[in-house]
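Novice: Could you work out the structure for the sequence below:
(3 chains)
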Amino acid sequence: MDGRNGVADLFSDAVDLNGVTIMPGHLDRRAQEAMLDDLRAVAKAAPFRQYETPGGRQMSVRMTAAGARGWVTDRKGYRYAETSFDGSPWPDIPASVLTVWRQVSGVDRDPDSCLVNFYGEGARMGLHQDKDEADLHWPVVSISLGDDALFRVGGVETPTPSKSRWLKSGDVAVIGGAARLAWHGIDRIKFRSSDLLPEGGRVNVTLRMAG
DNA sequence: AAGTACCA
DNA sequence: TGGG
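Specialist: Below you'll find the predicted structure:
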């Protein structure tokens, strides 16, 4: 085991960041625009909202989801929920998003959860582990759209030492294998560094098996 | 418990 | 700006 995801070998320009595989420029502009259209439809059905952490602090990132389960948080804790806060089921995961999972995840089962995170000006996400999923052997796939984002990846046991890299629109990352529980976060974005979103900001899509 | 401030 |  070299600490990378096996799928990295299929992509010649893959970059390793503490065991997380990044595929720069995986999606071309046309694919990014098509996916963004699909995500706007998701957000229309299940609007972005700002969640509160169990400690009572507001997250700067706005979130929604698609698929059977979406991640939510409030003062009671983090959890996956089968409905959004208004009680309606999450929209279906768009086909454009599932296509990316099938290309890079290295597994033959489709994800049941697609989290959609919007980073406006000044938004960030502190270092954390994705460990609320029922079975931690499935990978997590992350797709970046819009503004550049400084992605930080630490270790599996501890957040530090960490390495960082600027993610660009169209980059795809796989958090799996030995790095599945790696600490990771977004230090900051370069607001309006991309013109994909006319309103500015970054959309991050993550695919996973939650249940 | 997915937060910031702040330091070099 | 990177990092603890």
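Novice: Up against DNA strand B, what does chain A have?
Specialist: Neighbours of DNA strand B within chain A, by Cβ under 7 Å from any atom of the strand: A:53-55, A:57-61, A:71, A:73, A:77-78, A:124-126, A:128, A:130, A:132, A:185. To be clear about C-beta, it is placed using only N, CA and C from the backbone, and glycine gets the same treatment.
Novice: just the buried members of those residues?
Specialist: Burial by neighbour count, 16 or more other Cβ atoms under 10 Å: within the residues of chain A next to DNA strand B this picks out A:59, A:61, A:71, A:73, A:124-125, A:130, A:185.
Novice: mind listing which of those residues are in strands?
Specialist: Judged by DSSP state E, strands contain the following of these: A:59, A:61, A:71, A:73, A:125, A:185.
Novice: Take the residues you listed and write them to a markdown table, including pLDDT and distance to A:Y119.
Specialist: Below are those laid out as a markdown table (pLDDT from 0 to 100; distance: Cβ to Cβ, whole Å):
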| residue | pLDDT | distance to A:Y119 |
| --- | --- | --- |
| A:M59 | 95 | 11 |
| A:V61 | 97 | 6 |
| A:W71 | 97 | 16 |
| A:T73 | 95 | 17 |
| A:M125 | 96 | 8 |
| A:G185 | 96 | 12 |
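Novice: can you count the residues close to A:L150?
Specialist: 15 (other Cβ atoms under 10 Å).
Novice: Which helix or strand contains it?
Specialist: Take DSSP states H and E as the rule and A:L150 turns out to sit in strand A:149-153.
Novice: what about that strand, near DNA strand C?
Specialist: Yes. Contact of strand A:149-153 with DNA strand C (Cβ under 7 Å from any atom of the strand) involves A:150, A:152.
Novice: Isn't A:V72 up against A:R79?
Specialist: Yes. Assessed by Cβ atoms under 8 Å, A:V72 is found in contact with A:R79 at 6.3 Å.
Novice: Neighbour count for these two, which is higher?
Specialist: A:V72 (20 against 13).
Novice: tell me what the lengthiest helix in chain A is packed against?
Specialist: If you go by DSSP state H, chain A has its longest helix at helix A:29-45. With contacts defined as 3 or more Cβ pairs under 8 Å, 6 or more residues apart in numbering; DSSP states H and E, helix A:29-45 has these neighbours: strand A:58-67, helix A:95-104, strand A:113-119, strand A:140-146, strand A:202-208.
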